[in-house]
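**Q** Quick one: sequence and predicted model below, then my questions.
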Amino acid sequence: MTPLDIERVRCRLPERRIVWLETVGSTMHEAARLAAAGCPSGTTVVAEQQTAGQGRHGRSWHSEPGAGLYLSVVLRPPLAPDALPVVTLALGLATAECLSRVSDLSLDLRWPNDVMIDERKVAGILVQLVDSAVVAGIGINVNHARFPPEIAAEATSLRRAASASQSREDILIVLLPAIDSFVKMLVEGGPQPVLDMFARHSSYVRGRRVSVEQPGGVLEGVTAGLNPSGFLILRAPDGSESLILAGGVRPAPVEPES
Ligand code: BTN
């Protein structure tokens, strides 16, 4: 695999501080360290390889050297901490928009922020609050030819979906400004435009039969929109509604015909 040409990215985005690391445990730790030291908003840490990439819910993130994009961006939007769920939706939108622009593929968003192609995950987002800064971690499967058996059925890459390699530099050059514009949209326009846009771009927000892993067990129902805070509304077969606060949303298993 060709190493990332970070100088090409820096030349195209001269205002942005981009820290490139060949190998790191997790870009989240490096970005959190910079955030705590007071780095400017937009500071971005990109790694060629992560040895302990983190996913959501304590899972790990498969970080094959040279194949994907592994980055964490420090953001300092003037928003209350309770706006975090909508910030994560905005980051999902930015990632999906960027990937559809560079690849011409059709992308879906699985609430809250998995980016999907044909029901398989191509990118994931992890958002953490560090000393009042937001650290937005984004992992994108770009040129992976295959995946480890434990995620092979769920994951895809742009290369697999498009049957062609994709330039990681082009993706970064489009992604970083897209993140800035979606965060600006949220800061200037409030949550509603982001919620409306997410609902338009995600097949999971309304009318989708899903099962959701919750601490007390698995809930099944049909999705019924987002509440004003960005949480997913799930309608159970008896008509009662629950709010889903964290991910774990999957298409419901198809019931056998009787
Ligand atoms: C998810 O589980 O969907 C979130 C995955 C987030 C992965 C990215 S890769 C770059 C950054 N560093 C990490 O350790 N995790 C995030």
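**A** Received the coordinates, thanks. Numbers count the residues shown, from 1 in each chain.

**Q** Let's verify the residue in the stretch 51-200 of the chain positioned nearest to the ligand: helix, strand, or coil?
**A** Using C-beta to the nearest ligand atom, the closest approach of the stretch 51-200 of the chain to the ligand is made by Gly124 at 2.1 Å. Bear in mind the C-beta positions are built from the backbone N, C-alpha and C, glycine included. Classification of Gly124 into helix, strand or coil gives strand, according to DSSP: H, G, I helix; E, B strand; the rest coil.

**Q** Isn't it up against Gly139?
**A** Yes. Using C-beta atoms under 8 Å, Gly124 is in contact with Gly139, at 5.2 Å.

**Q** any shared contact partners between the two?
**A** Taking C-beta atoms under 8 Å, 6 or more residues apart in numbering as the contact criterion, the common neighbours of Gly124 and Gly139 are 55, 61.

**Q** which one of those two has more residues nearby?
**A** Comparing Gly124 with Gly139 by neighbour count (other C-beta atoms under 10 Å), the higher total belongs to Gly139, at 26 against 23.

**Q** Identify the residues contacting that one.
**A** When the contact criterion is C-beta under 8 Å, 6+ apart, the partners of Gly139 are 53, 55, 61, 63, 68-70, 123-126.

**Q** Can you tell me the SS state at it?
**A** Taken by three-state DSSP, the conformation at Gly139 corresponds to strand.

**Q** So it versus Ala164, what's the distance?
**A** From Gly139 over to Ala164 the distance is 21 Å, taken as C-beta to C-beta, to the nearest Å.

**Q** Ok, Leu99 next?
**A** 14 Å.

**Q** Repeat that for Val122.
**A** As for Val122, its distance to Ala164 is 14 Å (criterion: C-beta to C-beta).

**Q** quick one, which of those two is more surrounded?
**A** For Val122 against Ala164, the residue with the higher neighbour count under other C-beta under 10 Å is Val122, and the figures read 28 against 10.

**Q** so where do the strands sit in the stretch 151-258 of the chain?
**A** 206-214, 217-226, 232-235, 241-244, 249-251 (DSSP state E, counting those that start in this stretch).
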